[in-house]
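Engineer: show me the folded form of this:
(one chain, ligands or ions: 2)
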Amino acid sequence: MTSNNSSSVLFECIQCGECCNGIGGTYVDDNKIKEIADFLKISKNELKEKYLILSSENRYMIACGSNNKCIFFKENCTIHPVKPRMCREWPFIPAVVKEPENWEYMSQACPGINNKADITEVKKTTVESLKNTRPEKELKKIF
Ligand code: SF4
Ligand code: SF4
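Structural biologist: Ligands and ions are numbered 1, 2, ... in the order given. Just a heads-up that it's a prediction; the model follows:
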C-alpha cells in the first residue's frame, strides 16, 4: 500500500466503510433504480419496497440497515458495479470544485483522503474525474 503521508497521493481508499454510514444523499433516479434492480435480479417495485426510502423532496435514496450503515453494505459494497454516482465519485465530488476547503472537512470522515494534499492538485483531479461521470450540461453548472 502506498503511504498517504506524501502530498502527491490525494486519496487511497482503505476500505473502512465509514462513508457507507447513515443516510448520505445516495439518491437514485429511475435509470439507476432499474440498473440496481436488474443487478439484484429483482423488480423495481421490490427494490423500492425493501431497499429504498423517499426523501422529503420525494426522491428515492438508499435506505439504512439496522447497523446504521447503507443497506447494501455487508463488509463491503454489495452493489459495487452499479452503485450510485455519489458513491462512485467520492471523494472527487462537485463540492470540492465549488469549495475546495470541503476536502479538509471531508477528510475528517474519510481516512483515505490526504488532508495534506495540494488543494490545486485536488481541484484539478476532481475536475478531470467528474468529466468521466457527468454529462456536459451538468459540468457547465459545476465549473
Ligand atoms: S470512508 Fe474513505 S477510506 Fe473509508 S471506505 Fe469510504 S472512501 Fe474508503
Ligand atoms: S451503495 Fe455501496 S458504496 Fe454506496 S453507500 Fe451503499 S454500500 Fe456504500
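
Engineer: any idea how far ligand 2 is from the most centrally placed residue in the chain?
Structural biologist: Nearest to the geometric centre of the chain sits Cys87, at 2.1 Å (C-alpha atoms, centre = their mean). Counting by C-beta to the nearest ligand atom, to the nearest Å, the separation of Cys87 from ligand 2 is 3 Å. From N, CA and C alone the C-beta is placed, and that goes for glycine too.

Engineer: I'd assumed that residue was in a helix, is it?
Structural biologist: Yes - applying DSSP: H, G, I helix; E, B strand; the rest coil, one finds Cys87 inside a helix.

Engineer: for the closest residue to it other than its chain neighbours, give me its contacts.
Structural biologist: Closest residue in space to Cys87, ignoring its immediate chain neighbours: Thr26 at 6.4 Å, by C-beta to C-beta, 6 or more residues apart in numbering. If you count contacts by C-beta atoms under 8 Å, 6 or more residues apart in numbering, Thr26 has them with Met61, Ile62, Cys70, Pro84, Met86, Cys87.

Engineer: kindly recompute the last result at 6 Å.
Structural biologist: Met61, Ile62, Pro84, Met86 (C-beta atoms under 6 Å, 6 or more residues apart in numbering).

Engineer: cross these against strands and list the overlap.
Structural biologist: Met61, Ile62 (DSSP state E).

Engineer: got the residues of this structure near ligand 1?
Structural biologist: Within the chain, the positions near ligand 1 by C-beta under 6 Å from any ligand atom are Cys13, Ile14, Gln15, Cys16, Gly17, Glu18, Cys19, Trp90, Cys110, Pro111, Gly112.

Engineer: ok, and the most crowded of those residues?
Structural biologist: Most neighbours among the residues of the chain next to ligand 1, by other C-beta atoms under 10 Å: Cys19, with 22 neighbours.

Engineer: which SS class is that one?
Structural biologist: Going by three-state DSSP: Cys19 is helix.

Engineer: which of the contacts of Thr26 has the most neighbours?
Structural biologist: Most surrounded of the contacts of Thr26: other C-beta under 10 Å gives Ile62, at 27 neighbours.

Engineer: what's across from it in the sheet?
Structural biologist: Leu52 (DSSP bridges).

Engineer: can you read off the pLDDT for it?
Structural biologist: Note on Ile62: pLDDT of 96.
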